[in-house]
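Peer 1: build me a model from this:
(2 chains)
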Amino acid sequence: MSERVAVVGVSQVGYASAITDRTLEELIFEAASGALADARLAWSDLDAVVIGASDLVDGRVISSMVTAPPAGGYMKDLIAVASSAEHAFVLAYLRLASGFGHTALVAGWSKCSEAPIPLVEQLSLDPFYRRHVGMDGLVAAALQAAAYRDRYGLPEAAAARVVVKNRASGARNPHAERRQAVTANDVLVSPMVAWPLKALETPPLSDGACALVLARGERADTLRRPAARVRGVGWASETYWREPEDLVASRALAAAAERAYRMAGVRDPRREIAVAEVYDVTPYHELMAYEGLGFCGPGEGARFAGDGEVTVNPSGGLLCAHPFFASGLVRIAEACLQVTGRADGHQVASARRALAHGASGLAGQSHTVVVLEGEA
Amino acid sequence: MRRVAIVGVGQTEHRFRRDDVTYPELAREAVARALAHAGLEVRDLAAAVLALAPDALMGVAHAERWVADALGVAGKPFMRVNTGGSTGITTVHAAYFHVASGLFDCVLAAGADRVGESGDAQLVLNTMWDVLYERPFPLNAINMLALQAVRYMAKYGTTEYHMALAAVKNRRHALRNPHAHLRNEVTVEEVLASRVICWPIKLFDACPQSTGGCALVLCSEEVARRLPGPKAWIDGVGNCVETYFMGDRMGPAAEHDHADADALAEAIARAYRQAGIRDPRREIDVAELYAPFSNIELHAIEAAGLCDKGQAGRLLEKGEFHLGSRQPVNPSGGVLCANPIAVTAMVRVAEAALQVMGHAGERQVEGARTALATGIGGDHQFYGAAVLRGER
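Peer 2: Numbering: from 1, shown residues only, chains lettered A, B, ... in the order given. So this is what the prediction gives:
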């Protein structure tokens, strides 16, 4: 029913703790131009642009005004999505799947060095009941980590092992901000930042930009570029008032995964997905994602982490680079690189089908899952 | 390409303030009305798209998270769009792509805003400009469009009188619209004598700061055909983006003139092309055009191809574009009579849908079959358009 859609161009700029030699607009222009060049397309070939822009992270009102033109939006059919950059990808997909135009560019970014991210998260709390609590993304993530740890009696070392794995992977990814491997002991002795999370169990806040070019049907074929076919997309929101809800097993992640798998015809994700780029905002969240994505049963995350059946976060994940608002889109970009065999230094052998997972909102209110496939 | 219809329209009454409801409750009010109009329930909705413009006007960062429950989206696909003043119509476009893609049969587009509580909206809007260059000017949404008015007057020889005609027409139309915020008639003399905000824009040339919500239910043709009510088919959609710097629309190097709305004309042309409209002067029965100041309505009418550039004021003087004329513009009273920013452009689509459904009450344009709706956002930078057709 829907049109075939593929990612035919990928570009990432950064990631680093502070990029001081270029403005945000310049980072976005570099990423958008890079993605077009990667697709061997000119700006005039673009039919549409979809950007993911957060006023609060970008630090100005209707920040899409200043970011749309460097993303290639001038005189183009452009929509700015404000809930997350992975939602911008979803909308670009929907547009092409509808048969509208032949190409679309998606861009996401963050310049965290210029944004008070904890304050942004605090201000997302409603002004009547919750704002006064002063909770931010880190504290919400810590509450989830504690709930997971308590439910399954998880040893500290299990979370540390995930960090060690991702940091070892990040050391091979040229775009990672953190490119030094660490030991389990390094993780365990790092300072406590929000119980039970230790400093090395939390992501950096990075500067950087990411852009993808999508093409549909024959247009994708005629480009003769390595194409990552979009086989499944799923996204869902959870309720805002999470207190009575399960902080461990996310209904939104389950719904997003179910939709993406149904579209892609995936029945046994553990066997059918070779690589997964998941939203590891802490190692506990990576373990919870294994379970939410159906790689293993509830409480089996730590055991699954060791069995190597699905390679998870070969890029190093968020724990090695976290351009806040764009991190979900970066997961999609990395999954595309894997299935087209173009992941420099961190390529997984025979990664024909990959999954990307993004999340946003406190305690992961919103989740997105995309299934991508390379050429046979 | 799948055909998509609007099957439910909901709107709150737009007022300066609503102290009796929170933001989610206000949005829910509009959603409940749209569902009732469609004869559907929350469980029938497969996904939703939220219209919410600057977070700073709401005073809550990423308030899409807060309002999610009011839209009934827990466990469902949900995203938010923000293109400033055009957010309402780009949200409809996003919802349209949800259905047109074949992934969903029934999708909600909804939102609300409480601009009356935003303090000084112009102080907030000043921060949309470049920190070092245009912000200290200091630009705001009023003086940026006063610059347009001056340029337009210089180019086409129109006057403040022509602007006043648009204001008078829209205030008269709003008397027939129970949802409108400003519902009192004004005369040309009163408009001309009203307080100067930023010349040539005067108080009665300007929109109010409104609190209100709007919601639309979009369905696939298959599902729409099973519903008993009238449909507004979305037959054309288009967007277009101008330069960020206003200075790039003036001077010898400019590709467009700030007097005109060429990027709006391009957005509308894209929607016309999809809808197969070749002669808008004959084929468009009614237009709901986004115009927060009276001068903007003049060039919006021209961008829609309803008359030649520079002619809208003179035609208004002859009685064109009024209710009862051949091609009424803004029978709802338009943005000049209600501006709940996040949903203002969605209200344009809602009003256009009601017209082609024959549900526009006292503001109904007789026999309206094809309608145009537009939105404008940012510093006259983001433009959106939609063509709707009824079945009559």
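
Peer 1: for the stretch 251-376 of chain A, what lies in contact range of chain B?
Peer 2: A:R251, A:A252, A:A255, A:A256, A:R259, A:S360, A:G361, A:L362, A:Q365, A:S366 (Cβ under 8 Å from any Cβ of the partner chain). In this view, the C-beta of every residue, glycine as well, is placed from N, C-alpha and C.

Peer 1: need the max-distance pair from these.
Peer 2: A:R259 and A:L362 (22.7 Å; Cβ to Cβ).

Peer 1: tally of neighbours for the closest residue to B:L125 other than its chain neighbours?
Peer 2: Spatially, and ignoring its direct neighbours in sequence, B:L125 is nearest to B:A141 (4.8 Å; Cβ to Cβ, 6 or more residues apart in numbering or on different chains). By the measure other Cβ atoms under 10 Å in any protein chain shown, the count of residues near B:A141 is 23.

Peer 1: now the element after the lowest-mean-pLDDT helix or strand in chain B, going C-ward?
Peer 2: Lowest mean confidence among the helices and strands of chain B (mean pLDDT, DSSP states H and E): helix B:121-126, at a mean of 88. Next helix or strand after helix B:121-126 toward the C-terminus (DSSP states H and E): helix B:141-156.

Peer 1: what is that next one packed up against?
Peer 2: Helices and strands touching helix B:141-156, by 3 or more Cβ pairs under 8 Å, 6 or more residues apart in numbering or on different chains; DSSP states H and E, are helix B:121-126, strand B:196-198, strand B:201-202, helix B:294-303.

Peer 1: please work out the angle formed by the directions of it and helix B:294-303.
Peer 2: 60 degrees (axes from the mean of the first three to the mean of the last three Cα atoms, to 10 degrees).

Peer 1: what's the offset of the helix or strand containing A:H285 from the middle of its chain?
Peer 2: Assigned by DSSP H and E, A:H285 belongs to helix A:283-292. Computed by Cα atoms, centre = their mean, to the nearest Å, the chain-centroid distance of helix A:283-292 equals 14 Å.

Peer 1: correct me, but B:R17 touches B:G116?
Peer 2: Yes - counting by Cβ atoms under 8 Å, B:G116 is a contact partner of B:R17 at 4.2 Å.

Peer 1: who has more neighbours, the two?
Peer 2: B:G116 (20 against 12).

Peer 1: and the gap between that one and B:G10?
Peer 2: 20 Å (Cβ to Cβ, to the nearest Å).

Peer 1: now swap in B:Y133 and tell me
Peer 2: The value you get for B:Y133 to B:G10, if Cβ to Cβ is used, is 41 Å.

Peer 1: now swap in B:A193 and tell me
Peer 2: 38 Å.

Peer 1: the two: which is more packed in?
Peer 2: A count of neighbours by other Cβ under 10 Å puts B:G10 above the other of B:A193 and B:G10, at 22 against 12.

Peer 1: need the contact list for that one.
Peer 2: Residues near B:G10 by Cβ atoms under 8 Å, 6 or more residues apart in numbering or on different chains: B:29-37, B:110, B:213-216, B:350.

Peer 1: SS state for it?
Peer 2: strand (DSSP: H, G, I helix; E, B strand; the rest coil).

Peer 1: quick check: closest non-adjacent residue to A:S98.
Peer 2: B:A100 (3.7 Å).

Peer 1: so who does that neighbour touch?
Peer 2: Counting by Cβ under 8 Å, 6+ apart, B:A100 has contacts A:L94, A:S98, A:G99, A:F100, B:M1, B:R2, B:V4.

Peer 1: for those residues, which PyMOL command selects only the ones that are buried?
Peer 2: Applying 16 or more other Cβ atoms under 10 Å in any protein chain shown to the contacts of B:A100, the buried members can be selected in PyMOL as follows:
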select buried, (chain A and resi 94+98+99+100) or (chain B and resi 2+4)
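
Peer 1: nearest residue to A:L154 in space, please, no chain neighbours.
Peer 2: A:A302 (6.1 Å).

Peer 1: how close does that neighbour sit to A:V164?
Peer 2: Taking Cβ to Cβ, one finds A:A302 at 13 Å from A:V164.

Peer 1: phi, psi of residue 44?
Peer 2: Using chain A. Per-residue torsions, A:S44: phi -70, psi -20 (degrees, to the nearest 10).

Peer 1: look at chain B instead
Peer 2: The phi/psi pair for B:D44 (degrees, to the nearest 10) is phi -80, psi -20.

Peer 1: wouldn't it be in contact with B:F104 here?
Peer 2: No - using Cβ under 8 Å, B:D44 is not in contact with B:F104, being 11.1 Å away.

Peer 1: who has more neighbours out of these two?
Peer 2: Between B:D44 and B:F104, counted using other Cβ under 10 Å, B:F104 has the larger neighbour count: 22 against 17.

Peer 1: for that one, which residues are in contact?
Peer 2: Residues counted as contacts of B:F104 (Cβ under 8 Å, 6+ apart) are B:A46, B:A47, B:P77, B:H98, B:S220.

Peer 1: now with 7 Å, please.
Peer 2: B:A46, B:A47, B:H98 (Cβ atoms under 7 Å, 6 or more residues apart in numbering or on different chains).

Peer 1: show me what from the stretch 51-200 of chain B comes close to chain A.
Peer 2: B:52, B:54-56, B:59-62, B:64-66, B:68-69, B:73-84, B:90, B:93-94, B:97-98, B:100-103, B:124-125, B:127-128, B:130 (Cβ under 7 Å from any Cβ of the partner chain).

Peer 1: do that again at 6 Å, thanks
Peer 2: B:54-56, B:61-62, B:64-66, B:68-69, B:73-84, B:90, B:94, B:97-98, B:100-102, B:124, B:127-128 (Cβ under 6 Å from any Cβ of the partner chain).

Peer 1: list buried residues within these.
Peer 2: B:54-56, B:61-62, B:64-66, B:68-69, B:73-84, B:90, B:94, B:97-98, B:100-102, B:124, B:127-128.

Peer 1: which ones among those residues are found in helices?
Peer 2: Applying DSSP state H to those, the entries found in helices are B:D55, B:A56, B:E64, B:R65, B:W66, B:T90, B:A94, B:F97, B:H98, B:A100, B:V124.

Peer 1: just to revisit the earlier point, next structured bit after the helix holding A:H285?
Peer 2: Assignment by DSSP H and E places the next element after helix A:283-292 at helix A:301-305.

Peer 1: return the distance of the very next helix or strand once past that next one from the chain's centre.
Peer 2: Sequence-wise, the next helix or strand downstream of helix A:301-305 (DSSP H and E) is strand A:311-312. With Cα atoms, centre = their mean as the basis, strand A:311-312 stands 14 Å off its chain's centre.

Peer 1: contacting residues around strand A:311-312?
Peer 2: A:V275, A:A276, A:V278, A:V348 (Cβ atoms under 6 Å, 6 or more residues apart in numbering or on different chains).
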